[in-house]
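Undergrad: Can you look at this prediction? I've put the sequence above it.
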Amino acid sequence: MLGERIRKLRKQKKLTLEELAGTKLTKGMLSLIENNKANPSMESLTYIAEQLDIELAQLLNDVNFDELQDILDQAEKLFMLDSDEHPEKYTKLLTLIEPYVSQLNQGYEAARLLELYGYSIYFEKKGAEKQPLEQAANLYDQMNITTKRVSIASFRCLAYFIDHDYEKALETILRERNEIETNHAYIDPLSRLDLDYNEAIFYFAVGNTEAAKKVMEDAISFSQKNKIFYRIDDLYRLAAADSMMSEKWEQYDYYLTKLNQYADFSDDQMAKITAKLFQIESLNEVKHDYHEALTMVDEFLANPEFNQQRLREWFYLEKGKALQGLKRYEEAIHFFEKVAIPSYHHHPFDLSQFYLKETYTAQCLIEVGKIDEALVAAKKAVELFDHLPDSPFKEFSKETFYKISALKGETHD
């Protein structure tokens, strides 16, 4: 009840009836209001809210703001749980937040709960996440909380990206960025770098390399100039990957050096492992030092402390490539067969690397005299690449397929 909320808030503020009544209400009238025996006018309610130093909406809202904060604390703890270990977390979040949704119309707590509610709807595949996320975005805009607003923008793009609708993902980040820059007078450096990184990623995904490189290089320059290391390892990896795809090996070595320097500086274990992975790729693809590549891969795979399952597939792939380079074809095929495409990879560059395992397998099968199996593997690679933009990787898969087809006496348009 309204009167009870006023009494509770007054006591929280350590105000007496007389102090809250001030000059515009009598102590007796305020007592009647608190006991729900008198209905205050909107003018009186506005005055009471000013005396309590709160927004009028908070006073009128049925939800108890202490309770709302407690709900948010619970929601944040649930949201931080690992989804693989706690597959029920989004269902629990929906159950926790849903009773309050209609009352979430003011303040940070409301915005964040709506945001988490929208994410939970999406991951539970209920298909109605747009409205709560729009409400949350509007609240963040009103409060000028840029970091959270950018988080929603990133999520909206990611939803299309996961479905491999790269054009829609790019269109969304450009629109979202325009809205954010229009509604927020100041964009903090970290939010700017998040927007830059996502924009570059999506430009690369649709094959617009020039636009991607401009955004990426501007972001790296901004980071270096302002001595901000947030996202710098991601940007260096992106730059190294682009250099590899365009076969600009001097530039690739430059960004590989930068990656290693960042890894040493940050002492970040994941950064160190990814830097080493790029180094192994360089040994396989550029220097053709397959012995050294194989040695480095085996050191990682044999290390009991190497539990980065999210990268293990990459090391299997590189081991297969090194074995192929050493003409140990049967062993190479074995490791290519062990490679499963991680479910979290959606970017064309990452997918291309894994799709090529079929092409490498086909090449190895040719060497051991299994032409029919080689043709099947080569064809599978071409089919996997079909939905991706044109790239040297895609062209390589086609060329391999055509060569093997020619061995079989087949021709293709």
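TA: Thanks, I have the structure now.
Undergrad: what's the neighbour count on residue 127?
TA: 8 (other CB atoms under 10 Å). C-beta here means a position set from N, CA and C on the backbone, and glycine is covered the same way.
Undergrad: Using the three-state scheme, assign it.
TA: Under DSSP: H, G, I helix; E, B strand; the rest coil, the three-state class of residue 127 is coil.
Undergrad: mind listing what the residue lying closest to it once chain neighbours are set aside touches?
TA: Spatial nearest neighbour of residue 127, chain neighbours left out: residue 121 (7.5 Å); criterion: CB to CB, 6 or more residues apart in numbering. Going by CB atoms under 8 Å, 6 or more residues apart in numbering, residue 121 touches 94, 127-129, 132.
Undergrad: are any of those residues buried, and which?
TA: 94, 129, 132 (16 or more other CB atoms under 10 Å).
Undergrad: of the residues you listed, closest to residue 254?
TA: residue 129 (41.5 Å; CB to CB).
Undergrad: one step back: from the contacts of residue 121, pick the one nearest residue 24.
TA: For the contacts of residue 121, the nearest to residue 24 is residue 132 (38.2 Å; CB to CB).
Undergrad: these two touch, right, the closest one and residue 112?
TA: No. The pair residue 132 / residue 112 is not scored as a contact, 11.2 Å apart, by CB atoms under 8 Å.
Undergrad: Just the buried residues of the longest helix seen in the chain, please?
TA: The longest helix of the chain (DSSP state H) is helix 348-367. In terms of neighbour count (16+ other CB under 10 Å), helix 348-367 has its buried residues at 348-349, 351-366.
Undergrad: Any idea how far stretch 195-205 is from the middle of the chain?
TA: Distance, stretch centre to chain centre, for stretch 195-205: 12 Å (CA atoms, centre = their mean, to the nearest Å).
Undergrad: Over to stretch 93-110?
TA: Centre to centre, stretch against its chain (CA atoms, centre = their mean), the figure for stretch 93-110 is 24 Å.
Undergrad: buried ones in that stretch?
TA: Those would be 93-94, 96-97, 100-101, 104-107, 109-110, for stretch 93-110 by 16+ other CB under 10 Å.
Undergrad: could you dump those residues to JSON lines with secondary structure?
TA: Listed next are these as JSON lines, based on three-state DSSP:
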{"residue": "93", "secondary structure": "helix"}
{"residue": "94", "secondary structure": "helix"}
{"residue": "96", "secondary structure": "helix"}
{"residue": "97", "secondary structure": "helix"}
{"residue": "100", "secondary structure": "helix"}
{"residue": "101", "secondary structure": "helix"}
{"residue": "104", "secondary structure": "coil"}
{"residue": "105", "secondary structure": "coil"}
{"residue": "106", "secondary structure": "coil"}
{"residue": "107", "secondary structure": "helix"}
{"residue": "109", "secondary structure": "helix"}
{"residue": "110", "secondary structure": "helix"}
